[in-house]
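**Q** my questions concern the predicted model and sequence given below.
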Amino acid sequence: MFTTASASATLPKDLFRAIEDLKKELNAIVLAHYYQEPDIQDIADYIGDSLGLSQKAAATDAEVIVFAGVHFMAETAKILNPDKLVLLPDLDAGCSLADSCPPTEFSKFKAAHPDHIVVSYINCTAEIKAMSDIICTSSNAVKLVNQIPPEQPIIFAPDRNLGRYVAAQTGRDLVLWQGSCIVHETFSEKKMLQLKMEYPNAEIVAHPECEEAILHHAHYIGSTTALLKYVESSEIEQFIVVTEAGIIHQMEKQVPHKLFIPAPPDANCQCNECPHMRLNTLEKLYLAMKNRTPEITLPADIQKKALVPIQRMLTMSA
């Protein structure tokens, strides 16, 4: 079980049991992204990528949603459930990609392309969603763009790497906002190829947020859920995983006989772990449920505007 020397004396000894009790007391559901620490993944009622989490948030009848992820994910759950209590264990759990697209600057960018519709990756703030026509995720971006008439010009925001991948897959000439994710831009092509030499039988599986040079070497490219399904069904026994290392916990649980090697970052650090995702801990999750805070709140007009492109995504993804 997860404990630390600095943990509050008021914390129960068995956090797993205490959280389960609070779920029943509050009629709460714990939603967790694959990039959360293993303890949080193990206590979650549902683990998924951004699309799956959005679909689950839209469908749940729980009165309280505890979102173990980052701020934009909890915002999305609140937009889909304006009358429910949505909790985020640590309000500082932000997103470098969302931060790379300031609403004021994006508004000017959008105004410079008045005939374009805006397709925004879900990894953006509620304000950016409110300025968008369609929200997408890495698992459905290609499918959604393919549904847009070919004569309709498109702005794709905020991730330039995912945008390039979608453009290549669809043949569309997308106008890209130049945002990026610190985790997916940190992988070293040189170190990855050196690792491939050490494990010649391993396949490289990568998230489409990675840079083009990385994707060029990948045997399979997909969202976190798609990567998980691929390694489960593949006959290959070894994989170099080029995305946030948290997904490896689920891979090892689903197919424990296979070997999963996290791709190395460019620096000598654990840069393949999202520092924002890792701000959430089991203790913080428990305290959030116990104290009913930190709560996600949004202006009503932003919620209303942002709901429209999210609902379009859910409809077009069906």
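**A** Received, thanks. Only a predicted model underlies this, so the values are computations on that prediction, with no experimental measurement involved.
**Q** so Met289 sits against Asn27, correct?
**A** No - counting by Cβ atoms under 8 Å, Met289 does not reach Asn27; the two are 11.4 Å apart. (Glycine included, C-beta is placed from N, CA and C.)
**Q** who's more crowded, these two?
**A** More neighbours surround Met289 than the other of Met289 and Asn27, with 22 against 10 (other Cβ atoms under 10 Å).
**Q** what's near enough to touch the nearest residue to the more buried one once chain neighbours are set aside?
**A** Leaving aside its sequence neighbours, Met289 sits nearest to Leu22 (Cβ to Cβ, 6 or more residues apart in numbering; 4.3 Å). Shown in contact with Leu22 (Cβ atoms under 8 Å, 6 or more residues apart in numbering): Ala28, Tyr286, Met289, Lys290.
**Q** number of residues surrounding Pro89?
**A** Other residues within reach of Pro89, judged by other Cβ under 10 Å, total 25.
**Q** and it, how far is that from Ala74?
**A** For Pro89, the distance to Ala74 (Cβ to Cβ, to the nearest Å) stands at 9 Å.
**Q** overlap of the contact sets of Met289 and Asn27?
**A** Shared contacts of Met289 and Asn27, counting by Cβ under 8 Å, 6+ apart, come down to Val64.
**Q** if we can go back for a sec, report the rounded mean pLDDT for the strand or helix carrying the residue nearest to Met289.
**A** Per DSSP states H and E: Leu22 is located in helix 15-26. Taken as a whole, helix 15-26 carries a mean pLDDT of 97.
**Q** following that helix, which helix or strand comes up?
**A** Downstream of helix 15-26, the next assigned helix or strand under DSSP H and E is strand 28-33.
**Q** give me the sheet partners of that next one and which way each runs.
**A** Strand pairing for strand 28-33, determined by DSSP bridges: strand 46-48 (parallel), strand 64-68 (parallel).
**Q** and Ile221, its phi and psi?
**A** phi -120, psi 130 (degrees, to the nearest 10).
**Q** with Pro89 instead?
**A** Torsion angles, degrees, to the nearest 10, at Pro89: phi -50, psi -40.
**Q** switch to numbering from 29
**A** Yep, numbering from 29; the last one is Pro117 now.
**Q** how near is it to Ile324?
**A** 11 Å.
**Q** ok, Arg200 to Pro181 distance?
**A** Applying Cβ to Cβ to Arg200 and Pro181 gives a distance of 9 Å.
**Q** let me fix that: Phe267
**A** From Phe267 across to Pro181, the span is 38 Å (Cβ to Cβ).
**Q** show me the contacts for Ile107.
**A** Applying Cβ under 8 Å, 6+ apart to Ile107 gives the contacts Ala154, Lys157, Leu326, Gln331, Ala334, Leu335, Ile338.
**Q** shouldn't the fifth one be in contact with Thr153?
**A** No - when contacts are counted by Cβ under 8 Å, Ala334 is not listed as touching Thr153 (9.1 Å).
**Q** pick out whichever of the two has more residues nearby.
**A** Neighbours were counted for Ala334 and for Thr153 using other Cβ under 10 Å; Ala334 has more, 27 against 24.
**Q** name the element the more buried one belongs to?
**A** With DSSP H and E as the test, Ala334 turns up in helix 328-345.
**Q** can you check Ile232 too?
**A** Under the criterion of DSSP H and E, Ile232 resides in strand 231-234.
**Q** give me the below-cutoff pLDDT ranges for the stretch 229-346 of the chain.
**A** 294-300 (pLDDT under 70).
**Q** cutoff 80 now
**A** Counting by pLDDT under 80, the ranges of the stretch 229-346 of the chain that qualify are 293-304.
**Q** that one: helices as residue ranges?
**A** Applying DSSP state H, counting those that start in this stretch to the stretch 229-346 of the chain gives helices spanning 240-243, 252-261, 275-282, 310-319, 328-345.
**Q** just to revisit the earlier point, which of Arg200 and Pro181 has more neighbours?
**A** Legend: neighbour count by other Cβ under 10 Å for Arg200 and Pro181, higher for Arg200 (19 against 14).
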